[in-house]
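[1] build me a structure from this.
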Amino acid sequence: MRMDLPVESCCCPLCASDVPEPTPYGQGPFAVVRCGVCRLWYLSPRLSGRAIHEHYTGGDYFEGGESGYASYGAQAESLRRTFRRLLRELAARGLTGGSLLEVGCGYGFFLDEAERHFDALYGTEMSPGAADRAARSGRTVVAGDIHAAPADLMADLIVSFHVVEHIYDPLDFLRGVARRLKPGGTVVLAAPDMGAFWRRLMGRHWPSFKYPEHVAFYDARTLPVLLRKAGFERPVRLPYVHDFPLDEVLRKLRLPAPGAAQRICVPLPATTVCFAAGLGDTERGAVR
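    As a prediction, the model looks like this:
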């Protein structure tokens, strides 16, 4: 990790307190600290805002970048399995139908799987190249963050998976989400689970200590706090079992990975914390 990267210190992104407590985690110029007030784990120092924007919009973020993904496309089948399972859960809770907006849609794998569950599909994606790929099916995908979505775009359901841990100002992000929800709409938010046994088991080798990209580390307590602070009501935890290619699992556990392992998908529980929440008291906004 280069030591001459442009970095900045920051306050807690959840409560804005400036009472950081040191932790054993960090790499190069980056350090994971814990807020002495709300107990959120977050990155400070972190990469400067301008530098991280260039990182996400670079052409190699999803394929072969210095960080980012070795190959997002190689994970297509495991991601699709994950999303199909989650869509069954959303359907069982009455959260499908109508219009869907995915924030941070990558190559559009979730949108592909969601097509038979919704009447209209939209997406946003920071990487212009990935946004172009997600839009090849003809659906509307905008390059940029939630604020890049058309002002008149309103959705019944807005989802964002493994995005909020990248966001420097998560309250501003979620308020932008709220402005694009139809009355009675629902948001579903998922992030790596800082409170899960995987992090305690793997310690500093936990894969979601992903420097410099992951700047906040949420768990089953802090993620609903974030939603409530942004104006959402009644956060409900949803099951989220994530599939991974077996070779990736073995590599992250520092074990040999035979070539055939790439074709095997392994569902792993407790890697991701996921909550749904609404803004109003209408029937659809009441997440069950």
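[2] what's near enough to touch Ala131?
    Neighbouring residues of Ala131 by Cβ atoms under 8 Å, 6 or more residues apart in numbering: Cys105, Gly123, Thr124, Glu125, Val141, Val142, Ala143. Every residue, glycine included, has its C-beta placed from N, CA and C.
[3] ok, the last one - contacts?
    For Ala143, the residues meeting the contact criterion (Cβ under 8 Å, 6+ apart) are Thr124, Glu125, Met126, Ser127, Pro128, Ala131, Asp132.
[4] one more: Phe217?
    Per Cβ under 8 Å, 6+ apart, neighbours of Phe217: Val32, Leu40, Trp41, Tyr42, Glu165, Pro192, Met194, Ser208.
[5] and of those, the nearest to Pro239?
    Pro239 lies nearest to Pro192 out of the contacts of Phe217, by Cβ to Cβ, at 15.5 Å.
[6] look up how far Ala134 lies from the closest residue to that closest one other than its chain neighbours.
    Of all residues not flanking Pro192 in the chain, Ser208 sits nearest, at 3.6 Å (Cβ to Cβ, 6 or more residues apart in numbering). Applying Cβ to Cβ, to the nearest Å, the value for Ser208 to Ala134 is 23 Å.
[7] these two - which one has more neighbours?
    Ala134 (27 against 19; other Cβ atoms under 10 Å).
[8] which stretches of the stretch 101-250 of the chain aren't confidently modelled?
    For the stretch 101-250 of the chain, residues meeting the criterion pLDDT under 70 lie at 247, 249-250.
[9] confirm Ala31 sits in a strand?
    Yes: with DSSP: H, G, I helix; E, B strand; the rest coil as the criterion, Ala31 is located in a strand.
[10] test my guess that it contacts Ser44.
    Yes: shown here, Ala31 and Ser44 form a contact pair, counting by Cβ atoms under 8 Å, at 6.5 Å.
[11] what comes up buried for stretch 163-171?
    Under the neighbour-count criterion of 16 or more other Cβ atoms under 10 Å, stretch 163-171 has Val163, Val164, Glu165, His166, Ile167, Tyr168, Pro170, Leu171 buried.
[12] identify the residue nearest Pro29 in space, chain neighbours excluded?
    In space, and not counting its chain neighbours, Pro29 is closest to Val7: 5.0 Å by Cβ to Cβ, 6+ apart.
[13] ok, back up a step: just the ones of the contacts of Phe217 in strands?
    Taking DSSP state E as the definition of strands, the contacts of Phe217 contribute Val32, Trp41, Tyr42, Pro192.
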